[in-house]
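S.K.: predicted model and sequence follow; I will ask about them next.
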Amino acid sequence: MSTLLKIENLTVTFGAQSVLRDISLEIAPGETLAVIGESGCGKTVLLKNLIGLIRPTSGRILFEGVDIGTLNEAELAETRKNYGFVFQMAALFDSMTIEENLLFPLVQHTKLPRQEMMERILRLLDEVGLSTNVLPKRPAELSGGMRKRVGIARALVLQPKIVLYDEPTTGLDPIMTDVINRLMAHMARTYEITSVIVTHDMTTVRNVADRVVMLYPTARLKRNEPQILFNGPAKTIERSRDPRIRDFVFGDGSSRLKEK
């Protein structure tokens, strides 16, 4: 199996605080990888490293064999065209209409004719289940679920090879969570996109992910203990005997009621 994204011995520290410690992973084209773990384990920091928003303290991120840490700003900007990013709260531009939000990446990074741009955003809007009625509206006029759908459409507008999702179902009710999960799975299949999903939601892991990686906070690890507690098929994680994994997967906090 070929590798689209490779993480080699990634370590990230902020001052004296260790966030990621010696992480190594390979992500294949077309794979949907879920990254889980409790708050503070470095999930979002890992995601930002993958796109070059944070530079590693040590280690490398290789996209299609190229170490993105060696790229200058222009080269990194060009490489980022291969990425889509769905932010936790959608991160749409409040002052722009939905149409302007969706057109923004195309206007900034392509020279496509306006008609072709519109055809692309209309197709994606339909893919995420929204009507053209939303185009003249501003983000504040939409529900949280609708903003998430727009965020997914915007992430796909440049036809990326990989999409990074940061807590895509946070703040959504169970029905809308299922809608977003179905959309992520549909987009991955339809466009043969690689997906990396940072999430706390085990429903997303069960219904969307091919593989799951679980990180553990470095402050809770023993010396020289690997930060990745689990790396395997999503359907097998519930059979793990590691109590730290089971507590997270089944939402059992009894062992943490009294902490020193």
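M.R.: Good, I have the coordinates.

S.K.: how far away is Ile51 from Val45?
M.R.: Distance, Ile51 to Val45, using CB to CB, to the nearest Å: 12 Å. From N, CA and C alone the C-beta is placed, and that goes for glycine too.

S.K.: would you list every one of the helices in the stretch 51-200 of the chain?
M.R.: 73-79, 98-109, 114-127, 144-156, 174-191 (DSSP state H, counting those that start in this stretch).

S.K.: which strands and helices sit next to the third one?
M.R.: With contacts defined as 3 or more CB pairs under 8 Å, 6 or more residues apart in numbering; DSSP states H and E, the secondary structure elements packing on helix 114-127 are helix 98-109, helix 144-156, helix 174-191.

S.K.: compute the inter-axis angle for the first one and helix 114-127.
M.R.: Regarding helix 98-109 and helix 114-127, their directions subtend 130 degrees when assessed with axes from the mean of the first three to the mean of the last three CA atoms, to 10 degrees.

S.K.: the longest one too?
M.R.: When the same axes, to 10 degrees is applied, the directions of helix 174-191 and helix 114-127 differ by 130 degrees.

S.K.: mind listing what's buried in helix 174-191?
M.R.: Residues of helix 174-191 classed as buried: 176-177, 179-181, 183-185, 187-188, 191 (neighbour count, 16 or more other CB atoms under 10 Å).

S.K.: would you mind putting the residues you listed into TSV with distance to Arg147 and pLDDT alongside?
M.R.: Listed next are these as TSV, based on distance: CB to CB, whole Å; pLDDT from 0 to 100:
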residue	distance to Arg147	pLDDT
Met176	11	88
Thr177	14	90
Val179	13	90
Ile180	11	91
Asn181	16	93
Leu183	13	90
Met184	15	92
Ala185	20	93
Met187	17	90
Ala188	21	91
Tyr191	21	87
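
S.K.: what's the closest of the residues you listed to Arg114?
M.R.: Lowest distance from Arg114 to the buried residues of helix 174-191 (CB to CB) belongs to Tyr191, with 22.9 Å.

S.K.: shouldn't Asn9 be in contact with Ile61?
M.R.: No: contact criterion CB atoms under 8 Å: Asn9 and Ile61 do not qualify, at 10.7 Å.

S.K.: for these two, work out which one has more neighbours and name it.
M.R.: Counted by other CB atoms under 10 Å, Asn9 and Ile61 do not tie: Ile61 has more neighbours, with 22 against 12.

S.K.: what's the neighbour count on the nearest residue to the more buried one once chain neighbours are set aside?
M.R.: Distances taken as CB to CB, 6 or more residues apart in numbering put Ile68 closest to Ile61, at 5.1 Å, once the chain neighbours are dropped. Neighbourhood size, Ile68 [other CB under 10 Å]: 21.

S.K.: same check on Leu25?
M.R.: Using other CB under 10 Å, Leu25 is surrounded by 20 other residues.

S.K.: Leu103 now?
M.R.: 20.

S.K.: from what I see, Leu122 and Thr132 are in contact.
M.R.: Yes: Leu122 lies in contact with Thr132 (CB under 8 Å); the separation is 6.8 Å.

S.K.: of the two, which one has the most company?
M.R.: Shown here are Leu122 and Thr132; by other CB under 10 Å, Leu122 has more neighbours (15 against 12).
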